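> just a sequence and a predicted model for now, questions to come.
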Amino acid sequence: MSLKPLKIDIVSDVVCPWCYIGKRRIEDALALVPDVPVEVHFRPFFLNPWVPREGISREEYLKTKFGSVDAYKGIAARVVAAAKEEGLVYRPDLVQRQPNTTDCHRLIHWADAIGKAAEMKQRLMELYFRDGGDLTDTEVLVKAAADVGLDADDVRRRLATDEDVALVSGQAQEAADKGVSGVPTYVFAQKYAVSGAQAPELLARAIRQVSAEVNAQAAE
């Protein structure tokens, strides 16, 4: 009898550094349990819902959220080190603009239609954390979408509309209504949640346990 795939919902935001790290860790966790079939879905979350659609300067954002630019430096150093341990690059000094991530989540949703949600999410995170890319710039988003295989002209046209804005906002609200307040949050089989960028070994153990439970129930 073939195993029933375990549904994993990853609730996260593309401008959340721990989500950047957490994405790598869940990938490493999945590599530890290659025999467990999974179905991964990326769900939107707005880390900073107060940031306007056009975005704000990084300086204004850091002052509003942390009190000052300097106050973030100590926090940033820890995250940079954690990212480096996972083979990721975070260059906070390069980030000039703080985006509202509605359009990023729309791109991930559209990429999901061609099975490229994970690649789209990774591309946007790399642009932001590694390259200091401006995710409020439509052309930056269009190029990122084209990089993973979406049609540039089609994406440009869709971004100019409100297509799926209500959908991603609704999904983010749904996560918040279910009690998700910190991200990344991994939801296994729509009933068990693990919050935070946990170690791959811990995530792998949770994946194996919940998969066994789901399949035992299916066999009853």
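Great, that's in hand.

> so where's this protein shaky on pLDDT?
Applying pLDDT under 70 to the chain flags residues 1.

> determine the longest helix present in it.
Ordering each helix of the chain by length in residues (DSSP state H) puts helix 200-219 first.

> can you list the helices and strands that it packs against?
Using 3 or more CB pairs under 8 Å, 6 or more residues apart in numbering; DSSP states H and E as the contact test, the elements touching helix 200-219 are strand 6-12, helix 17-32, strand 185-188, strand 192-195. To be clear about C-beta, it is placed using only N, CA and C from the backbone, and glycine gets the same treatment.

> what residues does Glu59 make contact with?
Val69 (CB atoms under 8 Å, 6 or more residues apart in numbering).

> now whichever strand or helix holds His105 and strand 6-12, what's the angle there?
Using DSSP states H and E, His105 maps to helix 102-112. Helix 102-112 and strand 6-12 are oriented at 160 degrees to each other (axes from the mean of the first three to the mean of the last three CA atoms, to 10 degrees).

> buried residues in helix 102-112?
102-111 (16 or more other CB atoms under 10 Å).

> again with stretch 186-194
Buried residues in stretch 186-194, defined by neighbour count with 16+ other CB under 10 Å: 186-188, 193-194.

> so which of those residues is the closest to Leu135?
The shortest approach to Leu135 among the buried residues of stretch 186-194 belongs to Tyr186, at 23.7 Å (CB to CB).

> Phe188 versus the residue lying closest to that closest one once chain neighbours are set aside, what's the distance?
Counting by CB to CB, 6 or more residues apart in numbering, Tyr186 lies nearest to Val194, which is 4.7 Å off, once chain neighbours are set aside. Val194 sits 7 Å away from Phe188, going by CB to CB, to the nearest Å.

> and for the two, which residues touch both?
With CB under 8 Å, 6+ apart, Val194 and Phe188 have common neighbours Ala206.

> ok, Thr102 - contacts?
With contacts defined as CB under 8 Å, 6+ apart, the neighbours of Thr102 are 46, 53, 165, 168-169.

> write a ChimeraX command that selects only the buried members of these.
To isolate the buried ones among the contacts of Thr102 in ChimeraX, judged by 16+ other CB under 10 Å, type:
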select :46,168
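
> got the contacts of Thr102 as TSV, with distance to Val89 and secondary structure columns?
Formatted as TSV, those follow (distance: CB to CB, whole Å; DSSP: H, G, I helix; E, B strand; the rest coil):
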residue	distance to Val89	secondary structure
Phe46	24	coil
Arg53	28	coil
Val165	31	helix
Val168	27	helix
Ser169	31	helix
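
> quick check, nearest of the contacts of Thr102 to Gln217?
Distance ranking of the contacts of Thr102 against Gln217, using CB to CB, places Val168 first at 31.3 Å.

> tell me how far that closest one lies from Ser181.
Distance from Val168 to Ser181, by CB to CB: 18 Å.

> picking that back up, mind putting the helices and strands packed on helix 200-219 into a markdown table with distance to Glu213?
Shown next, in a markdown table, are the helices and strands packed on helix 200-219 (distance: least, CB to CB, whole Å):
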| stretch | distance to Glu213 |
| --- | --- |
| strand 6-12 | 9 |
| helix 17-32 | 17 |
| strand 185-188 | 9 |
| strand 192-195 | 9 |
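
> now do the next helix-or-strand element following the helix holding His105 and helix 17-32, the angle between them.
Remark: after helix 102-112, the chain's next helix or strand is helix 117-125, criterion DSSP H and E. On the basis of the same axes, to 10 degrees, helix 117-125 is oriented at 140 degrees to helix 17-32.
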